[in-house]
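1. Need coordinates for the following:
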Amino acid sequence: MQLSSRIKGLEESQTLALNRLAKAMIAEGQSVVNLTAGELDFATPDEAKDAAVKAIRDGLTTYTPTAGYDGLRWAVASKLARENKLVYSSDEVMTTAGAKQGLYELMAVLFDPGDEVLVPTPAWVSYEEQMRVLGIKPVFAPTDKKFHIDVKAMAAAIGPKTRGILLNSPNNPTGAMESAESLRKLAALAVKKKLWVISDEIYERISFGTPHISIASLGDDIKRQTIVVGGASKSLAMTGWRLGYMAGPAHVIKAVTAFQSHASGNPSSISQAAAAAGLEKCAPFVKSMLKELAARRAFLLKAFGGVKALRAHPPEGAFYLFVDVSRVDKDSVAFAQDLLKNAGVAVVPGKYFRHDGWVRLSFATSMANLKSAVKRIADYCK
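-> A predicted model of the protein is given here:
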């Protein structure tokens, strides 16, 4: 008995697989510093937890509307208006079981098998696999030396079957954030070529001095072609709660809601209550988190500056450090495997992000872990 053709060759997300391996080694008693996970070591804010407990006690444990209950959709719309200069009505917003599910559903609704979607690289590992399962062809466009989008390269990659652009700013794995100038050029290209833009903004609240700009905020023309995707996982330390959202044209949201009604139904009602409270009340938490992440970022950049064999790229946002290891080993998978075996540090090879010779380190872990990891990596490189 065979499996479907669409699933052949599909592997588990490599970032999740490496995180699982590192945790298993730690559970076995091995000394491993795990820098693979895109998961903050902060506890979910009390306001969100209290709202979840109240929801349970108040009986909010039944189905909600597929797109999410009205209170959360209004909280998302209010957040987007307040922080991102994006005005949406409640019927232009919906919630999903994590931003990852939202991205998959969007691709299923917007594109047909054989359609092409432009993806600037380096790029998050799941974009390509989601597209492949749906029969969509990702067309990878290189970024510049600082990992910012190259609009000319993207324009050159457009063909007769190109139907969309997948944008991720702040970027995973590089932390690069796009400027208003670059986004305007990209918006003009998308409008001219009539391309959908899926803007993955899951890390938009995590930036280090560079202001985040949503491409959808740059004019009505591009807003009509853009769907903004976000969630509670990263900025509210709610990865396990699985609560994402998207905002865009009402007819797109209606179509995705119909798809979701058959695929999974509504996200957890308890998670919805928690996320609504988090979006409305947790600005102090986000501010405190950013202060700590900025300190970790500064430490890593200074520490790796003293390791001659490596070159770390300063992230403008998110909580990853992308490091050039090509002087040690141009094969990032071999480097990561050997580093884990001989130094007890788990990192993600850049090859999985379509940028070999580099590795991704998460600094969403404690300063103590980071200090230990840097010493081990430096000793290993020597």
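2. Show me how far the top helix by length along the chain is from its chain's centre.
-> The residue-count maximum for a helix in the chain (DSSP state H) belongs to helix 283-304. A distance of 18 Å separates the centroid of the chain from that of helix 283-304, by C-alpha atoms, centre = their mean, to the nearest Å.
3. Tell me the helices and strands packed up against that helix.
-> Contact analysis of helix 283-304 by 3 or more C-beta pairs under 8 Å, 6 or more residues apart in numbering; DSSP states H and E lists strand 311-313, strand 320-324, helix 367-381 as its packing neighbours. To be clear about C-beta, it is placed using only N, CA and C from the backbone, and glycine gets the same treatment.
4. which of the ones you listed sits most buried?
-> strand 320-324 (a mean of 24; mean count of other C-beta atoms under 10 Å).
5. For that strand, give the mean pLDDT please.
-> Strand 320-324 carries an average pLDDT of 98.
6. After it, heading C-terminal, what element do we hit next?
-> Next helix or strand after strand 320-324 toward the C-terminus (DSSP states H and E): helix 332-343.
7. Any buried residues in that following helix, and which?
-> Neighbour-count burial for helix 332-343, counted by 16 or more other C-beta atoms under 10 Å, picks out 332, 333, 335, 336, 339, 340, 343.
8. Where do the strands of this structure begin and end?
-> For the chain, applying DSSP state E gives strands covering 33-34, 93-96, 116-121, 137-142, 162-168, 196-200, 226-231, 244-247, 311-313, 320-324, 345-346, 348-349, 358-362.
9. Would you mind measuring from the most centrally placed residue in the chain to residue 315?
-> By C-alpha atoms, centre = their mean, the chain has its centre lying nearest to residue 202, at 5.0 Å. For residue 202, the distance to residue 315 equals 15 Å [C-beta to C-beta, to the nearest Å].
10. and what of residue 183?
-> Counting by C-beta to C-beta, the separation of residue 183 from residue 315 is 18 Å.
11. again, but for residue 357
-> To residue 315, residue 357 is 18 Å away according to C-beta to C-beta.
12. Name the residue in those two with the higher neighbour count.
-> With neighbours defined as other C-beta atoms under 10 Å, residue 357 and residue 315 compare such that residue 315 has more, 29 against 18.
13. Test my guess that residue 346 contacts residue 30.
-> No - Residue 346 is beyond contact range of residue 30, at 10.6 Å (criterion: C-beta atoms under 8 Å).
14. higher neighbour count, those two?
-> Between residue 346 and residue 30, counted using other C-beta under 10 Å, residue 346 has the larger neighbour count: 24 against 11.
15. What residues does residue 82 make contact with?
-> Contact criterion C-beta atoms under 8 Å, 6 or more residues apart in numbering gives no residues in contact with residue 82.
16. let's see 10 Å
-> Counting by C-beta atoms under 10 Å, 6 or more residues apart in numbering, residue 82 touches 279, 283.
17. could you pull out the helices for the stretch 151-300 of the chain?
-> With helices called from DSSP state H, counting those that start in this stretch, the stretch 151-300 of the chain shows them at 151-156, 180-193, 220-223, 250-263, 269-281, 283-304.
18. Can you tell me which of the ones you listed is most buried?
-> When the helices of the stretch 151-300 of the chain are scored by mean count of other C-beta under 10 Å, the highest mean neighbour count falls to helix 269-281 (a mean of 24).
19. same for that one, what does it pack against?
-> In terms of contacts (3 or more C-beta pairs under 10 Å, 6 or more residues apart in numbering; DSSP states H and E), helix 269-281 is packed against helix 46-57, helix 70-84, strand 93-96, strand 244-247.
20. Would you pull up how far the second one lies from the middle of the chain?
-> If you compare the mean C-alpha spot of helix 70-84 with that of the full chain, they lie 20 Å apart, counting by C-alpha atoms, centre = their mean.
21. can you check stretch 223-243 too?
-> Stretch 223-243 has its C-alpha centroid displaced from the chain centroid by 8 Å (C-alpha atoms, centre = their mean).
22. now do the same end-to-end measure for that stretch.
-> When the termini of stretch 223-243 are compared using C-alpha to C-alpha, to the nearest Å, they are 23 Å apart.
23. show me where pLDDT drops low in the stretch 51-200 of the chain?
-> Along the stretch 51-200 of the chain, no part satisfies pLDDT under 70.
24. which one is residue 117 nearest to, not counting chain neighbours?
-> residue 164 (4.5 Å; C-beta to C-beta, 6 or more residues apart in numbering).
25. Give the bridge partners for the one you found, please.
-> residue 117, residue 196 (DSSP bridges).
26. thought it was touching residue 103?
-> No - Residue 164 lies out of contact with residue 103 (C-beta atoms under 10 Å); the separation is 11.8 Å.
27. Overlap of the contact sets of those two?
-> Residues touching both residue 164 and residue 103 (C-beta under 10 Å, 6+ apart): 198, 227.
28. between the helices and strands packed on helix 269-281, which gets nearest to residue 211?
-> helix 70-84 (10.6 Å; C-beta to C-beta).
29. burial of the closest residue to residue 159 other than its chain neighbours, as a residue count?
-> With sequence-adjacent residues excluded and distances taken as C-beta to C-beta, 6+ apart, residue 159 is closest to residue 116, at 6.2 Å. Per other C-beta under 10 Å, the neighbour tally for residue 116 reads 20.
30. so residue 116 sits right up against residue 138, yeah?
-> Yes - contact criterion C-beta under 10 Å: residue 116 and residue 138 qualify, at 7.6 Å.
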